[in-house]
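Novice: sequence unknown, structure follows:
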């Protein structure tokens with residue numbers, strides 16, 4: 001069997017309403033040399049049944065008896081993948097037909113790029129577009145990535161060789177593992193944004209990872225840890241330090257309020 005150029009990682013947990021459409025968006029890609037690593041992370045709805053029913057030789061299906069957490073699940077997918085490039089697509093999001101082709105073309109042209117993301121559109125539970133996010137415009141000044149995560153994980157593709165240089169998703173993060181991963185890359189390697197809308201991102205719904213972790217004490221703790229990590233690992237101007245101090249104080253206030261209520 002021909003070695004895939006792209007390994008698409010999809011972690012699945014209770015997305016029965018969206019899973020088929022998400023997988024279909026990979027099956028109809030204009031770039032054909034891909035594999036989909038689809039990991040059912042202990043789903044308790046019909047996601048397992050749906051995944052088993054899909055017939056496609058390029059899909060590598062893994063079924064976990066219990067949920068091991070998103071970070072461990074992503075790192076398992078990395079271990080199982082064989083592609084030269086690795087792309088992410090959450091099981092409630094939808095890739096545009098030309099997504100893989102456009103990103104591969106960019107990597108071929110710009111050899112120094114190690115991770116490539118794109119613009120995206122938010123869609124609701126009925127697939128209607130609500131907001132367009134122009135990340136390319138937002139991150140023209142790349143240093144903005146140090147202050148806020150504008151990159152949608154489902155738009156990301158990166159070179160497999162990156163794993164030899166910076167390692168896998170940081171195990172100490174269960175919520176902000178994607179942002180922590182980007183920051184590790186940004187410290188030494190080039191991140192670019194493709195100025196095209198290549199993915200529809202499902203806006204927060206009751207079964208989304210973001211919705212489940214919202215207002216969690218763990219989220220606040222991880223945000224605080226990442227703030228400290230960024231201060232220790234990058235040099236800043238006085239203005240930038242002021243912004244960070246404000247963010248730290250804001251984070252402490254959130255933790256304080258969370259403990260009260």
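Specialist: Received the coordinates, thanks. It should be emphasised that the depicted structure is a prediction, and the values quoted were computed from it without experimental measurement. Numbering: from 1, shown residues only.
Novice: next, the distance between the ends of stretch 164-182.
Specialist: From its first residue to its last, stretch 164-182 covers 15 Å (CA to CA, to the nearest Å).
Novice: ok, residues contacting that stretch?
Specialist: Contacts to stretch 164-182, defined as CB atoms under 8 Å, 6 or more residues apart in numbering, come from residues 69-72, 74-75, 78, 115, 145, 149, 151, 153, 156, 184-185, 188-189, 191, 213, 216, 218-219, 222-223, 225-226, 229. Bear in mind the C-beta positions are built from the backbone N, C-alpha and C, glycine included.
Novice: hmm, try it at 7 Å
Specialist: 69-71, 74-75, 78, 115, 145, 149, 151, 153, 184-185, 191, 213, 218-219, 222-223, 226 (CB atoms under 7 Å, 6 or more residues apart in numbering).
Novice: ditto for stretch 134-153
Specialist: Counting by CB under 7 Å, 6+ apart, 88, 90, 117, 119-120, 178-179, 182, 186, 191, 193, 195, 199, 201, 230, 234, 243 sit against stretch 134-153.
Novice: I'd like the next helix or strand past the helix or strand that contains residue 180.
Specialist: Residue 180 belongs to helix 177-186 when assigned by DSSP states H and E. Sequence order places strand 190-202 as the next helix or strand after helix 177-186, per DSSP H and E.
Novice: quick one, helices of the stretch 1-150 of the chain?
Specialist: 19-27, 47-53, 70-80, 99-109, 135-138 (DSSP state H, counting those that start in this stretch).
Novice: so in this protein, which helix runs the longest?
Specialist: helix 238-260 (DSSP state H).
Novice: now it: buried residues?
Specialist: 240, 244, 247, 251, 254 (16 or more other CB atoms under 10 Å).
Novice: any low-confidence regions in the stretch 101-250 of the chain?
Specialist: Counting by pLDDT under 70, the stretch 101-250 of the chain has low-confidence residues at 205-216.
Novice: what comes up buried for the helix holding residue 180?
Specialist: Neighbour counts over helix 177-186 (16+ other CB under 10 Å) mark 177, 178, 179, 180, 181, 182, 183, 184, 185, 186 as buried.
Novice: between those, which is closest to residue 104?
Specialist: residue 185 (18.6 Å; CB to CB).
Novice: wait, that closest one touches residue 117, no?
Specialist: No: taking contacts as CB atoms under 7 Å, residue 185 lies outside contact range of residue 117: 11.0 Å.
Novice: next, count neighbours for residue 99.
Specialist: 28 (other CB atoms under 10 Å).
Novice: likewise residue 3?
Specialist: 9.
Novice: which ones are touching it?
Specialist: Contacts of residue 3 (CB under 7 Å, 6+ apart): residue 82.
Novice: could I get the phi/psi values of it?
Specialist: When read as degrees, to the nearest 10, the backbone of residue 3 gives phi -70, psi 130.
Novice: ok, it to residue 134 distance?
Specialist: Distance, residue 3 to residue 134, by CB to CB, to the nearest Å: 35 Å.
Novice: likewise for residue 150?
Specialist: 10 Å.
Novice: so for these two, which sits in the more crowded spot?
Specialist: Neighbours were counted for residue 150 and for residue 134 using other CB under 10 Å; residue 150 has more, 18 against 13.
Novice: tell me the secondary structure at residue 225.
Specialist: helix (DSSP: H, G, I helix; E, B strand; the rest coil).
Novice: ok, it - how many residues close by?
Specialist: Residues within reach of residue 225, counting by other CB under 10 Å, total 16.
Novice: one step back: right, so of the helices of the stretch 1-150 of the chain, which gets closest to residue 7?
Specialist: Between residue 7 and the helices of the stretch 1-150 of the chain, the shortest gap by CB to CB is with helix 70-80, which sits at 7.8 Å.
Novice: name the residues of the closest one that are buried.
Specialist: Buried residues in helix 70-80 (16+ other CB under 10 Å): 70, 71, 72, 73, 74, 75, 76, 77, 78.
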